[in-house]
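# Need coordinates for the below:
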Amino acid sequence: MSAVSPARATALRVVRRVFEQGAYADRALRAEAEGLDPRERALAKRLVFGVVQRHGTLEWIVARHAKGRLQPEVRAALWLGLEQLLFLDGVADHAAISESVELAKPGPGHKVVNAILRRVQREGIELPADTDPQGAAIRHSHPEWLVRRWWDELGADETRALLAANNEPAELVLRINTLVPVDASQLPPGRREDDALVLDGPFDLAGSPLFAAGAITPQSRAAQRVARFLGPRPGERVLDLCAAPGGKTAHLAALMGGEGDLVAVEQHTGRAGALQRTCERLHARNVTVVVADASRFQTDRPFDRVLLDPPCSGLGTLRSHPDLRWRVTEAAITQLAALQDRMLQAARGALKPGGTLVYSTCTISREEERLVGDERFQTLPHRDGTDGFYVARETP
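Numbers count the residues shown, from 1 in each chain. Now for the predicted structure:
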């Protein structure tokens with residue numbers, strides 16, 4: 001194992017944790033990559049996210065080359081090698097093969113890894129065409145049930161473009177917190193859109209003094225559109241009915257200039273604590289965190305504006321949450337839709353007559369578009385370059 005780079009060794013541990021223990025890729029990577037230098041950490045992330053995203057395709061390839069049962073560590077090493085050979089630019093073939101073989105040692109399975117990778121290097125791989133949902137599911141590595149659903153809802157061309165975009169890296173975006181004065185010259189290089197800063201390249205967010213001071217926070221451009229769509233004003237009474245982890249809550253507070261009454265509801269105590277800490281870091285001092293079940297929320301003091309961002313399948317965020325595509329099920333979407341309806345009823349009950357209600361989900365799923373609304377918009381990764389969101393607004 002001495003010949004293996006820290007990035008590849010880390011990637012192997014994370015991939016095994018994801019597929020053998022059910023760990024979340026981003027969380028496991030954060031823990032396992034602790035102490036790596038930025039370059040090694042970046043490579044480890046590319047490898048992990050690539051293998052998890054391409055898992056369906058990689059397994060299809062393995063099934064056509066491997067005979068018999070492979071040990072978990074051998075299979076994971078083979079995935080990493082195939083990902084580098086076939087999908088990762090800037091990695092030399094000899095490094096991809098030799099280090100993957102080392103990852104599979106000391107057992108005899110390393111010979112299988114070597115043989116398969118060298119054969120793929122020589123002969124290449126011909127993936128199925130994406131002319132139908134089955135072929136598209138293999139070629140673009142998504143569950144077939146999901147591809148079929150999008151094929152019906154979006155059409156074949158849109159689906160193929162969406163599947164391809166989901167395997168690309170997500171853009172790096174910060175929100176500039178207007179509650180904290182900051183000199184524009186201190187900000188990292190990037191393109192500014194309202195409060196969003198689309199970064200030109202990698203950025204050490206956790207080590208940034210601006211992050212510690214609450215002047216910046218990560219948030220996709222699509223997510224930042226939600227608070228603006230609600231349009232809160234200073235001095236109003238606003239409800240964020242399903243608020244954790246707090247990115248939209250803090251954005252609402254910033255748009256209100258820190259003035260008014262902003263109530264943020266979260267059912268789980270631990271998440272409510274994290275929500276409170278987020279608001280404190282981002283100087284959202286007009287926020288009151290309430291621990292309550294959003295689907296049963298009631299109030300004697302109705303709100304001018306209500307944001308409902310309920311639990312959803314998250315299918316619009318597959319670029320930044322690569323393992324989510326393998327976790328979501330059709331049955332779960334139906335269950336989520338029923339929960340969303342209950343929360344929507346509570347949101348309407350908390351709204352003043354003539355008030356504004358915004359319903360937002362970070363998913364691409366017609367079944368979860370529970371509010372049609374007077375005005376609505378959808379973002380799609382392949383079309384808008386940001387997360388997939390459905391957002392609707394109504395004024396009863």
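
# For whichever strand or helix holds I138, which outside residues touch it?
Assigned by DSSP states H and E, I138 belongs to helix 133-140. Residues from elsewhere that reach helix 133-140 (Cβ atoms under 8 Å, 6 or more residues apart in numbering): 56-57, 60, 127-130, 142-144, 146-148, 151, 159-160, 163-164, 166-167. Just so you know, the C-beta spots here come from the backbone N, C-alpha and C atoms, and that holds for glycine as well.

# Swap in 10 Å and give it another go.
Residues from elsewhere that reach helix 133-140 (Cβ atoms under 10 Å, 6 or more residues apart in numbering): 53-54, 56-57, 59-61, 127-131, 142-152, 156, 159-160, 162-167.

# Give me the ChimeraX select line for those, limited to the buried ones.
Per 16 or more other Cβ atoms under 10 Å, the buried members of the contacts of helix 133-140 correspond to this ChimeraX selection:
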select :53,54,56,57,60,61,130,142,143,146,147,148,149,150,151,159,160,162,163,165,166,167
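
# picking that back up, in the helix holding I138, what counts as buried?
By 16+ other Cβ under 10 Å, the buried positions in helix 133-140 come out as 133, 136-140.

# D200 contacts L172, doesn't it?
Yes - in this structure, D200 is within contact of L172 by Cβ atoms under 10 Å, at 8.6 Å.

# So the two - more neighbours on which side?
Shown here are D200 and L172; by other Cβ atoms under 10 Å, L172 has more neighbours (18 against 11).

# thought that one was touching D204?
No - between L172 and D204 there is no contact under Cβ under 10 Å: 11.3 Å.

# ok, back up a step: need the residues touching each of D200 and L172.
Common neighbours of D200 and L172 (Cβ under 10 Å, 6+ apart) are 188, 190.

# Work out the gap between the lengthiest helix in the chain and the centre of the chain.
Criterion DSSP state H: the longest helix present in the chain is helix 330-349. Averaging C-alpha positions (Cα atoms, centre = their mean, to the nearest Å) puts helix 330-349 21 Å from its chain's average.

# buried set for that helix?
By neighbour count with 16+ other Cβ under 10 Å, helix 330-349 contains the buried residues 333, 336-337, 339-340, 343-344, 346-347.

# I'd like the average pLDDT over the helix holding I138.
Averaging pLDDT along helix 133-140 gives 98.
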